[in-house]
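> Build me a structure from this.
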Amino acid sequence: MPDYKTFHQRADDSFEKIMARILPEAKVTFTADQLSALKLACHQVNWKNSHSIDIRLSIPSYPRRFYVVFLAGRERRSAQRYSLGNSHKALATLTALIILSLGCTVIYGLLQLALAASQRDNIYPTAIPWLQTQDACEQTGRFWEEGRCWDAMQSPDF
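Below you'll find the predicted structure:
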């Protein structure tokens with residue numbers, strides 16, 4: 001838990017960042033009381049990130065980097081802030097479905113690769129058609145079964 005000094009330093013830093021984004025001609029119109037009120041508001045904002053689930057992934061891709069953030073927790077916003085119009089709800093739902101389907105596709109592909117890799121290590125018996133007699137077959141270290149010569153050491157990658 002951040003201490004009192006750290007909390008106020010973060011609030012002061014946020015205040016400075018806000019002031020840096022305000023146009024100089026607008027900045028000169030602030031009174032001392034307005035600046036004090038703005039700084040007090042920065043101190044009263046809870047800057048602590050308190051989500052139950054906070055997953056942040058950075059995805060390197062040339063020439064840019066992208067990031068994905070997944071946050072979940074108890075709803076703390078006012079009803080006015082979280083009530084979206086129907087078009088926003090539809091867009092949010094569509095985006096969530098696209099992300100979910102992409103995730104499932106990636107997981108499915110990875111499972112298929114893992115399954116293929118695990119089966120690649122298996123060895124299957126293979127008939128050797130050019131060895132027509134049991135003696136010729138057994139002399140090469142293979143086995144004779146059902147009237148055919150079999151080699152038990154063939155890999156599916158052969």
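
> For residue 20, grab the count of nearby residues.
8 (other CB atoms under 10 Å). C-beta here means a position set from N, CA and C on the backbone, and glycine is covered the same way.

> So in the protein, which helix runs the longest?
With secondary structure taken from DSSP state H, the chain has its longest helix at helix 86-120.

> buried stuff in it?
Within helix 86-120, no residue counts as buried by 16 or more other CB atoms under 10 Å.

> what pLDDT, on average, does that helix get?
For helix 86-120, mean pLDDT rounds to 82.

> next one: stretch 21-40
90.

> buried ones in it?
residue 39.

> Export only the CA atoms of that stretch, formatted as CSV.
The C-alpha trace of stretch 21-40 is given here as CSV (Å, rounded to 0.1, in the frame of the first residue of the first chain):
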residue,chain,number,x,y,z
ARG,A,21,-1.8,19.7,-21.7
ILE,A,22,-3.8,22.9,-21.3
LEU,A,23,-3.1,25.6,-23.9
PRO,A,24,-1.0,28.5,-22.6
GLU,A,25,-3.7,31.1,-23.5
ALA,A,26,-6.3,29.1,-21.4
LYS,A,27,-3.8,28.5,-18.6
VAL,A,28,-3.4,32.2,-17.9
THR,A,29,-7.1,32.6,-17.3
PHE,A,30,-7.1,30.4,-14.3
THR,A,31,-7.4,32.1,-10.9
ALA,A,32,-5.5,30.9,-7.9
ASP,A,33,-8.7,29.5,-6.4
GLN,A,34,-9.4,27.6,-9.6
LEU,A,35,-5.9,26.1,-9.6
SER,A,36,-6.2,25.2,-5.9
ALA,A,37,-9.5,23.5,-6.6
LEU,A,38,-8.1,21.5,-9.6
LYS,A,39,-5.1,20.4,-7.5
LEU,A,40,-7.4,19.4,-4.6
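
> from the chain's centre, how far out does that stretch sit?
40 Å (CA atoms, centre = their mean, to the nearest Å).
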